[in-house]
Structures are given as C-alpha cells and as structure tokens.
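**Student:** task: produce atomic coordinates for the following.
(chains A and B)
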Protein chains: 2
Amino acid sequence: MASLRDIVTSASINLLSAFGFLMAFAILRIQPFNDRVYFPRWYKKGTRSSPTRSGAYASKFVNLDCRTYLNFLNWMPAALRMPEPELIDHAGLDSVAYIRIYLLGLKIFVPLAVLSFMVLVPVNWIGDTLERAKDLNFSNIDKLSISNVPDGSKGFWAHIVMSYVFSFWTFYVLYSEYKVLATMRADYLASETRRPDQFTVLVRNIPPDPDESVSEHIVYNANKLASLVSKKRDFQNWYIYYQNKFERTSKRPLTKTGFMGLWGTKVDAIDHYTSQIQKLNEEEAVERERVKKDPDAIVPAAFVSFKSRWAAAVCAQTQLCRNPTLWLTEWAPEPRDVYWDNFAIPYFELTIRRLIIAVALFFLIFFFMIPIAFVQSLANIEGIQKVFPFLKPLIRIESVKSVIQGFLPGIVLKIFLAVLPQILMTMSKIEGYPSISALDRKSAAKYHMFILVNIFLGSIITGSALQQLKTFIDLPPTEIPKTIGVYIPMKANFFITYIMVDGWAGVAAEILRLVPLVLFHLKNTFLVKTEQDRYEAMEPGSIDFPVGEPRIQLYILLGLVYAPITPFLLPFIIIFLAFAYVVFRNQVINVYDPKYESAAAFWPDVHKRVVIGLFISQLLLLGLLSTKKIGRNHFALLPLPVLTIWFFMYCKGRFESGFIRFPLQEAMVKDTLERATEPQFNLKAYLKDAYMHPVFKSSDVEKSDFTFEEEKSPLVATTRVATKLSPDVHSSSPVQSDA
Amino acid sequence: MASLRDIVTSASINLLSAFGFLMAFAILRIQPFNDRVYFPRWYKKGTRSSPTRSGAYASKFVNLDCRTYLNFLNWMPAALRMPEPELIDHAGLDSVAYIRIYLLGLKIFVPLAVLSFMVLVPVNWIGDTLERAKDLNFSNIDKLSISNVPDGSKGFWAHIVMSYVFSFWTFYVLYSEYKVLATMRADYLASETRRPDQFTVLVRNIPPDPDESVSEHIVYNANKLASLVSKKRDFQNWYIYYQNKFERTSKRPLTKTGFMGLWGTKVDAIDHYTSQIQKLNEEEAVERERVKKDPDAIVPAAFVSFKSRWAAAVCAQTQLCRNPTLWLTEWAPEPRDVYWDNFAIPYFELTIRRLIIAVALFFLIFFFMIPIAFVQSLANIEGIQKVFPFLKPLIRIESVKSVIQGFLPGIVLKIFLAVLPQILMTMSKIEGYPSISALDRKSAAKYHMFILVNIFLGSIITGSALQQLKTFIDLPPTEIPKTIGVYIPMKANFFITYIMVDGWAGVAAEILRLVPLVLFHLKNTFLVKTEQDRYEAMEPGSIDFPVGEPRIQLYILLGLVYAPITPFLLPFIIIFLAFAYVVFRNQVINVYDPKYESAAAFWPDVHKRVVIGLFISQLLLLGLLSTKKIGRNHFALLPLPVLTIWFFMYCKGRFESGFIRFPLQEAMVKDTLERATEPQFNLKAYLKDAYMHPVFKSSDVEKSDFTFEEEKSPLVATTRVATKLSPDVHSSSPVQSDA
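**Tutor:** Residues are numbered from 1 along each chain as shown, chains lettered A, B, ... in the order given. Model (predicted):
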C-alpha cells in the first residue's frame, strides 16, 4: 500500500507535468500563428481577424513582445472575469450550465472537506487500531481514515452523524442549484430573441392519408442528394482557388482531368471547374425532382410552425389523436440540433430498437472484456507471425518482441476505450432520438453506467465486470455493499493517483489542445487553398458532453464516497474541480463553438447522477460500518437512502417539467409583447427556410414549390413541412378560436 | 401431502356448500319481501316499484308460485343475456370493465389448460421419478406435475417451450384486451351525453394572490357545516314521519324533547320539529356566512369550467405556470367521484405524505405480525383474567377456556385482515388523491402487494413475512427464485384447496348477500319510518374494487405460476373465473349501484398486475428448472422476463395515455357536433351547480352570490369555483383566440 511519501511523489510529478502543460499553453497561446487554435470562438463570431495579416513579417508568426511572457498565467483571471450573463450571451446557456457542474462539485466538497478535517480526521487519528496492528503495512493516510478507528468504537457515531450532515448539505446544494438552473433556463427562453423552434412542433408518426398525396407535406430522405451536394461544394472550392490564383498571377491556370488533378489531359482549370459545376447542378436538379416524387424517399414526419408560441406550446404538450402512437408531437429541436436520420421509425420498431440496445448495453458493460481478450490473444507474437509472415525477421529482434508483448494488449484495450464513446453514440442513434442534444444526453447516460461498473466498481473489486457480476449474483443483497464497503478504504491511494493522472493532467492537456494544434498546422500547410478552407481548418470543437459529464460524475462519486471514509482524498478532488472550472471557462470563452443550444436541457440528468452517487455512497458506508462490530448502530444510516430517493422524487416533480415543457403563461407573455412591439413582422418569411434538410439549404433552386399556401390557416407554411394536416386533425389544431 | 382423494373430498364439500348457497339464493331472490335486497339496482333506476304494495297480503311477502321454484338456476342465463353495449348503458363502463377481468382470465387460462393437458401432462406422466422414490409420500396429482420428471431429463424442454407459448399467448390476450378497453373507453367518452367533468378542469395549488380576496373563487372547507346539514336532514326525516302519522291518524302526535324522544317533556311533535328545523336553518346560514368569510376555511383549489371540451382538454394537459408545482391542472373527476378533503395539500407536504405512507406500507406488509402477535399474547387466558377479574369463574369452565384458547388468536388476525382494506384506504387518503376512483386504485395497489407477500409468498415459504424478508436479505438474488421455485410444486394441493374455499365459496356467498339481507330486514323492521328511509335501507353496495381486483390477480398469478408446473390446478381456476363472471354479471345488472364512473380508468393497473404475475411466474419457473440438473439449459428461459418488461413498456406507450389524457381530436369533434345540433343550449346553467360541496348542495339558500359573472370570459362561471383567475394566467388561458 502506498505510503504518504509515495502520494507526495506522485502528486509532485503530476503537478509538474500539469505545470509543464500550462507553461506550454501559456507560451503557445500568445504566438500569432496559433491564434486560430486558441481563439477560434472569436473568429467564428467574426469579431477577430487574423493577426497574420498585419504587422512585420516575423511578428506574424512569433510573439516577440517579452512582456507578455512574464504574465504567463494571466489567462486565468481573464477566464474568470467575464460575468455569467455575458457568458450566456457569448457562448450559450449549455456551456454555462456545463461549467456550473464543476461549480456544483466545489459547492458540495469545500464545506464537506472543511467539516471532515475538523471532525472526522481527529476522530480517526485518536483511534489507534493501525498503530497496534504493526504487522499490517498501513500508510499515514490510512491513519487519517476510518480504518484507524477500532471495531466497536463509539467514534463511529461521528461518521454516522457526519454522513447525515454531508447528505443534507448535498441535498441543499443540489436543490438550490437545480432551482437556479431552472430559473436560468426559464429566463433564457423568455429573454431569447425570436427563434424558429419557439414556433415549431415536430410531428412524427404521421399515418398515411389516402385522400392526399404524401409528397406534398413531408420530410424527405435525401442521402444521394447529399453526396452530390458535397461533391459540388468541393468543386466550387477548387474553382475559387484557381480563380484567386488567376487574379494574383494573371495567367490562366491549368489542371489535369484525372484523380486529384495529378494526371490526365491538361485543361484550363477555371473552364474545367465551371463546366463540372454546371454538370453537377443539372444532376442535382434531376435528383431533387426524383426525391420529391419518390414515395420511398418520404418520411412520415413534419415540422409544423405556428403563428404564435402559445399555439406551438399547446400543440407540443397535448395528445392530438385517439391513437397515442400516431401524430406524436413534441417541441422541435432548434434547427442546428435536428438529427435528420431518425424521423422515419414507427412506434413498434422504436420499442424493439430500444429493447435490443438495452440488452446490447448490458452485454457491452459486463462482457466487453471477452472480445477484447480474444483480440489480445490474436495480437500476440505468434498471431502476428502467422498473419504477416514477412515480419518474422523483425519480430525476432528481442527489443521489438518485448515492446509488442508489453504494449499490444494494452493498446487493444486503449483503442476500445477510445472508440467507446463513438460506439455508445451509434447505439443512441439506433435508439432513434430526433435531436443531437438528446443523442448526447443518452450517450452520456450509457457512458456513466459503463464508468460506474467498469472503472469505479472495477477498481475497487479488482477483476473484470463479468467476474463482479458473478460475485454479485452469488452474494445476498445485503452482502454486496458490505463486500464493496470493506475494500473502499484500501483503494483511497489508488483513486488519489487516478484523480491526479486522469483528472489533473487530463484537464491540463485539454487546455493545450495538442491534437487540434498539430492538425491545424498540418492542414494549414498542406491542404488550405482558400480563406474558406482556413476557416474550416480551425475546428474549434465543442464541449464533449457525452464523455466529459460522466467523468465529472465519477469524481463527484469518489468525493461523496470518500468524504466520510478517507477525507484526505477530498482536497485532490477540489483541486481538480477548481482547475477544470477555470480551464473550461477559458475554453468556452475562447475556443469552443457550440454545435447546438438546448438551454441546459441536460441538467436533470446531471442532478440525477449526483443523486445516484450520493445513494451509492450511503449504501457503501452502511456496508462498511456493518463490518465494524458496532452492534446494530449502523442501521441508524438506513433512513438516509430512503430520504435520498424521496429527495430525488421531490426535485423531479418540482423542477423537471421546466426542462421538458414550456409553460403557457410565458409563451403568451412573449407573444403579446412581440405583437405589441413588432406588429408588422413577417413571421412567415422568417420561418420559411428554418427547418430544411442541410442538402436543400445549400441549393440555389427556388423553394416556393415546397410550400403550401393557405392564408386562413393558423399554421405558418414552412419549407419541407406539413402545412396542411389531414382535415380531422386540422380541425382540432390548438389555435382554433373558441369564442 | 394431500392425495387425490383428499382433493376430491374437499372439492365435493366445497361444491356442495357453494351449491347450498346457490339454492338459498335461488329461493330467497324470488321472495317479494327480499326484492329490494336482490334487485336494488332497478329501484335506484326507478324502473321497479315495490311488489309489497300490490296483490294478496301473503304473496306480498312469500312467493307462492311453485313454478318459479323449478327453474331455480334461471338467473344465470338471464345474467348472461344482456348484451355488452346495453350493460354499459345500464351499469356504466367501470362495471363492465370489472367483469371483463374475469373474462380476461378465462381467455388466458382455457387455452393454457388445453395445451397443458395435451402436452405437459403426458410428459410429466412418462417421467416416473415419483414411482421410483417410493419412500416419499407423493400423491397422484404430483405424478401429473413437473416433480415427476427426473432430473436432467430432456422432457424439461417441453416445459421451456410451453413457457414461451404460454407467455406469448398471455401477451396476445393482454394486448388485445387492452386495445379493446382503450377503444371502449374512447367510444364511451365520445358517445357519452354531456357531462360536467368534460368541461371542467381541477386546478390545485393556487398561489395566494395579494391583489384579490381569495374567498371570491375558492373551494371551501366546510366540516362544521356538514354536521349541521346532517342534523337537519335527520330532523326533517322525523318531521315527515310525524306528518305522515298525523295524516293517517288525524291525531296530532306527541314526542318528548329528550334523547331519541325517550324522555323529557311531552310536546306536539310536528310543531317541535318545525321549530327545530327552523332553528337549524338559522344556524346554518350563520355558519355558511362564517365559512365564506373565514380565510382558514378556504382551500387553494378550484373547479374551472370552460365553454368547450376542447378548451378543457388543452388546459388539463398543459403546464400553465413557470413553477410546475403551482396552478396544477388535471381533468376534474366527475362530481360524484370528487374526494373533497384532499384539495388543500401543498406540493411539499404531498411528497412528504407519500414518503411516510411508503415507509408505513413497507412496515405494514413485512412487520404486521408483530403487533398482531403482541395482541394475541395479551388475548390469552391470563391476560383476560388480569383485565377482567370478574370473568374468572366463567373462564374456569373447561369448555369456555378451550374455546378462548383455540379461537382468540385466530380472531385477532381475522379482525386485522377484515379491517386491512380500511387501513389501506386511510393510507391512500393521507397520500392526498383528489378523487374516490384514484383512492380505490391506490388502495388496490397496496392490497395487491400485501397479498403478494403475505398470502402468495407466505403460503409457499411458510413463515411470516418478516422471516421471509430475513431469508431474502441473506440469500443471493439468484437463489431467491430457486428457493421459492422448489417449494412451488409441493404447494399445489394447498392452493387448490384455497381456490375452492376462498374462491368458489366466496363468490357463492357474494351472490347470497347474507349481510345486506339481514341488515335490510332489521332496518326495515325497527328503523324505517318513511319511504325515504326504506330507499336508503336498501344499500345496494357497489363493486369493491380495492379488495376484489387484487384477489382476482392472486388467482391469475396462481394460474400463470402453475400452468407449466402443475396443470391440474388450472381447471379449478377456470371454474372460479367462470362462476365469478356469471355472479358478478348478475350483481352488476341487478344489485350494485356504482359510486362513480371513471370510464375504466383502472385498466392500466389491471394490465400491469397481470404482467407482474407473468413476470413472477417466469422467474419462478427459471428458479425451479435451475435445480433440475439440466446443465445450463434453463438459461433458455432468460429472454422471457426481458421480453415481458419490453411488452409492458410497449403497451404502456401504446395505450396508457388513452386512460389519462383526452385527445384534442375527439374533444373538437364532440364540440362541433354539439354546437351544430344544440346551438341554443345553456351550458352555463347546466354547469352552475355541478361541482358543489355536498353540504352546500342540500341547502336551499340562493347560490348566485357564489358565482362571478364575466360575459366575455371563455370560462363558464360555476358555483364554488374560480371563475376569474389572476390576470397573468388568465391571459394565457387556452381559449384565447389567435387569429
């Protein structure tokens, strides 16, 4: 077991490496040629122009101003300076809510750490079990942990009482944070400027109507069209490149007609691409006509826009049809957030898909080691020799052999863990959610379960999830927390190291953006032809919610579990949370370009997972104390999990609907206000092209043939959208006047 | 263990006693003086007049027509003859849905029994385990059960395959029945004549409004008023009695002013009661004024009626206010169904109450034997001698002593079980549901859990629920189905006897209505003074859903569990279900007077509990087979529980909202139809007095001062109801035109 000195050494190494990352970041970020890597958000917003365009040649690329090197940490206060309302305005509520998760962790753990060190550490120190049991090799950290309190001691009452205090404090912080977020969301939705999704409802599972041609009002399936459009964009880019070249050199550039312009007959480049684009335009028009007429390309879903927010709110919240699986209505996700591939799934297939994915997720979590082990068994020396016999001489070299034997199995696992989020995202896509934000949330939920079983439990009870499953199946339910509980104190050192390696260093690596840095410079050197290319090469990225959030939850879980057991772990978590808070605030301000804005729709999930962590921590403490021979006193903890469930139900009823539904009161207030201030606003024109499949958006053909005009209808005709519902449903549409 | 002969003997006894009940019923029901006991439904409907009023004096009371005695079973075809649509019209959809539960059971078990006897019984018979194991005392029934198949036999594949067949058949029946019920409910709601609840929404948790006096628009808390009203009704009854007497005898009757007219000064009875009623009228008026002005008597809830069903449907389904725990809207229960005491509970208190009741229910189910045992320990000879020393000589008599010792402990348990439904109903009331139908449903859910743990599991693993709880906590999760599973085949005989005693005899007793019969004649002889009294003495009762439905579920559970294990049990269940179906059809037609009409709102619960039964049966078969040494073949059953969960989710999404929400399409169709056919209907007058606290209903004072007129409002002013919401909410009320 690691001693205090080991921990200090490890901490120093990790602190140093984190410090190294920070230094590198501090130097790299003030170099002008990295400006687009560390400040892409401002480019995307259009408020920052390239520093490489002005000034002396050298200072275009390298920062020669020495003074800026001195204050190399000044990005930190800068990151903290922007007030929250401005930050919401700058980066959206999603980003602000995300960095508030770190703040939530800090609010929970700082008081917990203070209390623990004031109350529990002295109690643990006084108990001298580990002093007496000299034969066991305990470290100094363990002397501060619950392991140092002798069996049957009255000192455990301190832990029981503190567990109540910790839980109630966590309840309080969670509750007030949920309340703040709910208010922020409501304010955000209320203060927002006009957005198409406020007026729009997504209608799915539209039954076929024998009286009407479906093609008049339904979303299209346009995959072939998409490939044509992307090809055209490519050609247009080349065209602009040669056009620029021609303008600069005043000499008509030539190109070859073969692959990548590398071989084939030489032709005039500008003429060539002009004719190519022309040809593609024609093909596209044909394909577009085909898509519009092909019944197989039509999907039984539609975006229906209303003339008022109020009408949309009513339509999204009510059941239209007697059969509750037809004419399903829900809030339309905002246009960027729409996931276009998932509109066609009927209800029965949807439930079957969810069943299959649930079973698959179970197997993925508990049996993922089986295929990994299989691949690892193939990826050994003999396997490689069989598949690639020509490598034999190389493998015979002793050093190469040892590298392969040492690293290959690990690399297979690493690769699996690296692609795991992608696998989970694919699974969520199969489940058929219609928006990217929902896909992100569902992937995060899956990843959270994976981490819980394979990282948290897997590290405590060493062994694969499969072995754990076997153990748990063979153990009585009361034994499970006991079995895990007794291991908990022994694993404190491991988790401290984990927090430093994965947490501290991971956050420092995040701010350095090493991969985007290298990629940008590679692209800039070899691929970028036009200014548009350079703009696209920035790849600012965005918050990786499906991976990031479950990881924070792991740290919060660790903190809650160890707070009453090994308080010494808490400072490490606090440092992680504080550091991550600053770093992500910087990233949100300067780097990330959000893919969508869901107005913090993920907060109920965050709240739920913290509550799950709290629940687990209470059960494990109960299990641990039940082995401490304190009679039946540990049952004093039994009300805590019950209270936690109650707290969860209470918050769910109190706040959750604010993240799903849109109250009519707010909608009506906004409608009235808008009608008073802008009575002449042309809503129809505004909404016309809002919801359009991306491939149609880039086309230049006239769009009016997709809309269906009906002046008296309360619905606003929008492109690619059902404007005329079948008559029976239309008559019950919510804006029907009733006076 | 009981042999086949024991079962036959027991069956004969039970058949005979059931037959005796039926004979008694057949004779008693055709006696005119019992007419009001066996046909009260027709009296309540006003289509049957008392046969005691006409004909010869003797035939007023006794049926002297011998021919009617011959066809003593002709009530059965009569009960089956009425077609379902007429039955819905006659008794309401609730009653029809309730007797369809028995039909559901028959649809499941008749094919299951046929298949079992064709496939499983031969397989069981061929296996000759029990023949060889002569030392164990097995009965013939067990030779037909799974116990007769030797360990490791391939014959178990028959049970595995049949378990799939049974499950899929049950899925099919459940699904189609849910579909039928959903359609019936939708049709019923659509075809129904105008009802106040179609236009009305119950609004709860109305926040206090500083600008407006609450008393103008809120439900009142009127308990003292209720007692005054009931006293007045009593006096009015006496008044009518003396009035009648005076008319008959032409002599002014006298009464005494003391208790029950038994002592005190003699006064003229009619004058006395006239003055008393006058006095109470004045008191009532004062109290009514007080209630209206007392802020403590006001409850933050209101029934809000709209001018159209469509507007009510929109209001009931949407969120009005930013805070989702305020201005809660839901469909108003129909006026008879309103439970007036539960409107005042704020959200926080509601969740606390539910938490407390959940914990209390847990203790009730698992620890109810502790107080019972305590009372039993008091209720022994010594205890009685201590408390009532004067009984000592009596107790010394040997026969009395043995009776006390033999019966007393049993009686304590019987009393507890008899009052248990009342306890559960009280618990549900504390949980704060606003309608009687919801209270019934929640009580049934609690009773179902009690039966499941204490009767089903309690009979299999003999021992108290507390001991079971201990066992289950100490067993691994996989061991629990195994442990229960192995006991299952041995308990078949016990459950067959249980079905006959509790099921067959219970149903026969239900139709005899012995208690109402005796009570009616007692009341008729001693208490009935006026025709109104006789009408009230009928007490037709109604379907006892909270007790009856969980009991059917127990039989369905037994059938599902034993179908693959001991098919011999199925015929007993089928006889029970068929018999109960006929009996309850008769009761619904001739006897019961429904307390309310919820349009089969309980069906999702029924469906859920059958699915739970199916799930349990699959787990138990899995556990049983895992002890049969068939390798890992029993894992072939593992997909079944997963499929069952999926089936449940699928049906929930497909049908449940039809039992909670009212589709806008239907509402709009009905509104339009009605406006076309009856354009001049005065809806306001119709809705005015619909939702009124019962104590106000009986009063004669003018009611117009409770309504608030606002001609332009889309809301219909109704008595004791908020007609003017506070302005901000009002502006977002769903009937606001949007053109």
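**Student:** any idea how far chain B is from the closest residue to A:Asn342 other than its chain neighbours?
**Tutor:** By the measure of Cβ to Cβ, 6 or more residues apart in numbering or on different chains, the closest residue to A:Asn342 outside its immediate chain neighbours is A:Gly432, 4.7 Å from it. The C-beta positions use only the backbone N, C-alpha and C, and glycine is treated the same way. Between A:Gly432 and chain B the distance is 13 Å, computed by Cβ to the nearest Cβ, to the nearest Å.
**Student:** confidence score at the residue nearest the centre of chain A?
**Tutor:** The centroid of chain A falls nearest to A:Phe545 when counting by Cα atoms, centre = their mean (1.5 Å). Note on A:Phe545: pLDDT of 91.
**Student:** residues contacting it?
**Tutor:** Contacts for A:Phe545 (Cβ atoms under 8 Å, 6 or more residues apart in numbering or on different chains) come out as A:98, A:440-441, A:444, A:602.
**Student:** as JSON lines, those with distance to B:Ser428, secondary structure and neighbour count would be great.
**Tutor:** Shown next, in JSON lines, are these (distance: Cβ to Cβ, whole Å; DSSP: H, G, I helix; E, B strand; the rest coil; neighbours: other Cβ atoms under 10 Å in any protein chain shown):
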{"residue": "A:Tyr98", "distance to B:Ser428": "43", "secondary structure": "helix", "neighbour count": "25"}
{"residue": "A:Asp440", "distance to B:Ser428": "41", "secondary structure": "helix", "neighbour count": "28"}
{"residue": "A:Arg441", "distance to B:Ser428": "35", "secondary structure": "helix", "neighbour count": "21"}
{"residue": "A:Ala444", "distance to B:Ser428": "38", "secondary structure": "helix", "neighbour count": "27"}
{"residue": "A:Phe602", "distance to B:Ser428": "36", "secondary structure": "coil", "neighbour count": "24"}
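**Student:** and which of these is nearest chain B?
**Tutor:** Using Cβ to the nearest Cβ, A:Phe602 comes nearest to chain B of the contacts of A:Phe545, at 18.2 Å.
**Student:** list phi and psi for the closest one.
**Tutor:** Main-chain torsions, A:Phe602, degrees, to the nearest 10: phi -90, psi -10.
**Student:** OK, contacts around it?
**Tutor:** Each residue near A:Phe602 by Cβ under 8 Å, 6+ apart is listed here: A:94, A:97, A:437, A:440-441, A:444, A:545, A:549.
**Student:** at 10 Å instead, please
**Tutor:** A:94, A:97-98, A:101, A:181, A:437-438, A:440-441, A:444-445, A:545-546, A:549, A:659 (Cβ atoms under 10 Å, 6 or more residues apart in numbering or on different chains).
**Student:** with A:Ala316 instead?
**Tutor:** By Cβ under 10 Å, 6+ apart, A:Ala316 lies in contact with A:200-203, A:304, A:306, A:329-332, A:660-662, A:734, B:318.
**Student:** report the buried residues of stretch A:645-658.
**Tutor:** Residues of stretch A:645-658 classed as buried: A:646-648, A:650-658 (neighbour count, 16 or more other Cβ atoms under 10 Å in any protein chain shown).
**Student:** do the same with stretch A:28-47
**Tutor:** By neighbour count on 16+ other Cβ under 10 Å, the buried set for stretch A:28-47 is A:28-30, A:32-44.
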